[in-house]
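Undergrad: How does the following fold in three dimensions:
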Amino acid sequence: MYLNTCFKSKNMSRAFVKENDLEHAGIDIPERPISMEINYVTPNGMKQIKAILDTLDAERHTLMDLDDSMSKQKKMRIERDIRYYASRIKSAIMIKPDEHLQKKVVFGALIELENDEGKIDRYEIVGEDEADLALHKISYLSPLAKSVMGSNLGDEVTLIKPKATVTFTVKHITYNK
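TA: I've put the predicted structure just below:
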């Protein structure tokens, strides 16, 4: 009998929950984590972040008059991303590549690395928000970038991976203007 009563009151308590409470359940959007590292950006990286902000602002504007729960959730996600990118612009330290440094690898460098087997890989060393491995843009905080930064043209660089050690030769260094 006691078990039956508990079961009934548990079910009955759901009847007194406002629909609004259920409608908004699960739409709490957590903030995007902001890196504690120095926020170096290239001029292209700064343009990219500003373009993302413009796109987000336009998306927010199109959702302004919509009041359904899906639109509210999307607006919250957009506003969270706007706060993230606005803070990244605020903390950004833009590094303009020095085109006279054609022989040293520093932030913003476009590099060609040749491995022991003669395979050449090309990378650009960029800020965290600009990094995109599919576009061969690596963060200056990545293990590869850390191992090659400060190197000169023709230097051999060793990258220690979990399963192997790889040696590269810096074959080419350029900088976008």
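
Undergrad: Identify, by residue count, the longest strand of the protein.
TA: Among the segments of the chain that qualify as a strand by DSSP state E, the longest is strand 165-175.

Undergrad: what residues does that strand touch?
TA: Identification of contacts with strand 165-175 by CB atoms under 8 Å, 6 or more residues apart in numbering yields 97-99, 101-105, 108-116, 120, 148, 151-159. (Glycine included, C-beta is placed from N, CA and C.)

Undergrad: Contact partners for the residue positioned nearest the centre of the chain?
TA: Geometric centre of the chain, nearest residue: Asp129, 4.2 Å, by CA atoms, centre = their mean. The contact partners of Asp129, taken as CB under 8 Å, 6+ apart, are 39, 41, 45, 48-49, 85, 88.

Undergrad: Farthest-apart pair in those, please.
TA: Farthest apart among the contacts of Asp129 by CB to CB are Asn39 and Gln48. That separation is 13.4 Å.

Undergrad: and the longest helix seen in the chain, what's its mean pLDDT?
TA: What stands out as the longest helix in the chain, according to DSSP state H, is helix 69-91. Mean pLDDT, helix 69-91: 95.

Undergrad: and what of stretch 38-55?
TA: For stretch 38-55, the per-residue pLDDT averages 96.

Undergrad: So which bits of that stretch are buried?
TA: For stretch 38-55, the neighbour count (16 or more other CB atoms under 10 Å) marks 39-42, 44-46, 48-49, 52-53 as buried.

Undergrad: same deal with stretch 159-176?
TA: Using 16+ other CB under 10 Å as the test for burial, stretch 159-176 gives 159, 168-170, 173-175.

Undergrad: For this structure, which segments are assigned as helices?
TA: Using DSSP H, the helices of the chain run over 2-14, 19-23, 43-63, 69-91, 143-148.

Undergrad: same for the longest one, what does it pack against?
TA: Using 3 or more CB pairs under 8 Å, 6 or more residues apart in numbering; DSSP states H and E as the contact test, the elements touching helix 69-91 are helix 43-63.

Undergrad: And Ile52, how far from Tyr85?
TA: Relative to Tyr85, Ile52 is positioned 6 Å away (CB to CB, to the nearest Å).

Undergrad: mind showing which ranges of this structure have poor pLDDT?
TA: 1-27, 99-100, 177 (pLDDT under 70).

Undergrad: Sweet, I'm off.
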